[in-house]
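Chemist: pasted the sequence and its predicted model underneath.
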Amino acid sequence: MKNLIFTTAALAVAGSMTFADAHSVVRLGTEGAYPPYNFLNDDGEVDGFEREVGDEICARAELTCEWVTNEWDSIIPNLVSGNYDVIIAGMSITDERDEVIDFSQGYTQPDPSAYLAMSADVDLANGVIAAQTGTIQAAFVAGTGATLLEFATPDESVAAVKAGEADAVLADKSFLAPIAESDAEVMLLDQEELIGGGVGLGVRESDGELLAKLDAAITSMKDDGTLNELIAKWGVGEPF
């Protein structure tokens, strides 16, 4: 699951209205560029694990929902400012984010981060490691002896490895594994990092009623096994 680092000061957005005040439709904000969690299919529609999870949550909560895509680096500010009502974008639950928005319970468990490289003998401790900007993976690399090379999108970070600009990329294993399976030029390394928490829905702190409905729907999906079926289908980690 992707992990955004941000500062509270960056989110000083003036007086957004709550969902109940302003909307009859719940707008679900996602990135649309992080398979298998979320991506745009050939018809240009949001698809993936979170599309199925989000649609099922809305059905169980008896909510009318629509999907909105937003770039990752501004996904929290645009929630706070009212451009959509829920973040469902592979976002890990962290204390830093919880100071600005509220989270549902996790709908996935923590997923390991993995390294993708073109050879097995990469010096991860001292080499050049690519990561998507604003992620906990990027922060993790910055705290090591390696040189961090940041990119706006996860695809760009993988491309940097293939172009020889970086020795490896660090990202969620569930994102990198299909790339390694389909591209003979790259491989997953044995070393993995456990640096994230479970993934949850993000809502504005003023939307407690909406959050309660979302949480109840997630609980019911856990109780009847639906959530575990989707986790297994899309390969996003261990079941509950």
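Modeler: That came through fine.

Chemist: sheet-wise, list the partners of the helix or strand residue 148 falls within with their directions.
Modeler: In this structure, residue 148 sits in strand 147-151 according to DSSP states H and E. According to DSSP bridges, strand 147-151 has the following sheet partners: strand 128-132 (parallel).

Chemist: chain center to the next helix-or-strand element following the partner strand: distance?
Modeler: Next in sequence after strand 128-132, counting helices and strands by DSSP H and E, comes helix 136-142. On the basis of C-alpha atoms, centre = their mean, to the nearest Å, helix 136-142 sits 15 Å off its chain's mean C-alpha point.

Chemist: what about the helix ranked longest in the chain, average pLDDT?
Modeler: Secondary structure of the chain read by DSSP state H shows that its longest helix is helix 208-223. Taken as a whole, helix 208-223 has an average pLDDT of 98.

Chemist: what's residue 161 in contact with, if anything?
Modeler: With C-beta atoms under 8 Å, 6 or more residues apart in numbering as the criterion, the residues that contact residue 161 are 116, 117, 118, 130, 167, 168, 169, 186. In this view, the C-beta of every residue, glycine as well, is placed from N, C-alpha and C.

Chemist: stretch 109-119 spans what distance, first to last residue?
Modeler: Distance across stretch 109-119, first residue to last, is 30 Å (C-alpha to C-alpha, to the nearest Å).

Chemist: which parts of that stretch are buried?
Modeler: Residues of stretch 109-119 classed as buried under the neighbour-count rule (16 or more other C-beta atoms under 10 Å) are 110, 111, 113, 114, 115, 116, 117.

Chemist: again, but for stretch 162-175
Modeler: 166, 167, 168, 169, 170, 171, 172, 173, 174, 175.

Chemist: from the chain's centre, how far out does that stretch sit?
Modeler: Between the centre of stretch 162-175 and the centre of its host chain there is 17 Å, according to C-alpha atoms, centre = their mean.

Chemist: stretch 67-86 now?
Modeler: On C-alpha atoms, centre = their mean, the centre of stretch 67-86 falls 13 Å from the chain's centre.

Chemist: and for stretch 61-81?
Modeler: Between the mean C-alpha location of stretch 61-81 and the chain-wide mean there is a distance of 13 Å, by C-alpha atoms, centre = their mean.

Chemist: tell me how far the ends of that stretch are from each other?
Modeler: The first-to-last residue distance of stretch 61-81 comes to 24 Å (C-alpha to C-alpha).

Chemist: which other residues reach the lengthiest strand in the chain?
Modeler: Selection of the longest strand in the chain by residue count, based on DSSP state E, yields strand 187-193. Strand 187-193 is contacted by residues 112-120, 122, 124, 137, 140, 168, 170, 173, 176-177, 180 when judged by C-beta under 8 Å, 6+ apart.

Chemist: for that strand, buried residues please.
Modeler: By 16+ other C-beta under 10 Å, the buried positions in strand 187-193 come out as 187, 188, 189, 193.

Chemist: from residue 152, how far out is the nearest residue to residue 73 once chain neighbours are set aside?
Modeler: Using C-beta to C-beta, 6 or more residues apart in numbering and skipping the chain neighbours, the partner closest in space to residue 73 is residue 134 (5.2 Å). As defined by C-beta to C-beta, to the nearest Å, residue 134 lies at a distance of 9 Å from residue 152.

Chemist: quick check: neighbours shared by the two?
Modeler: Overlap of the contact sets of residue 134 and residue 152 (by C-beta under 8 Å, 6+ apart) consists of residue 73.
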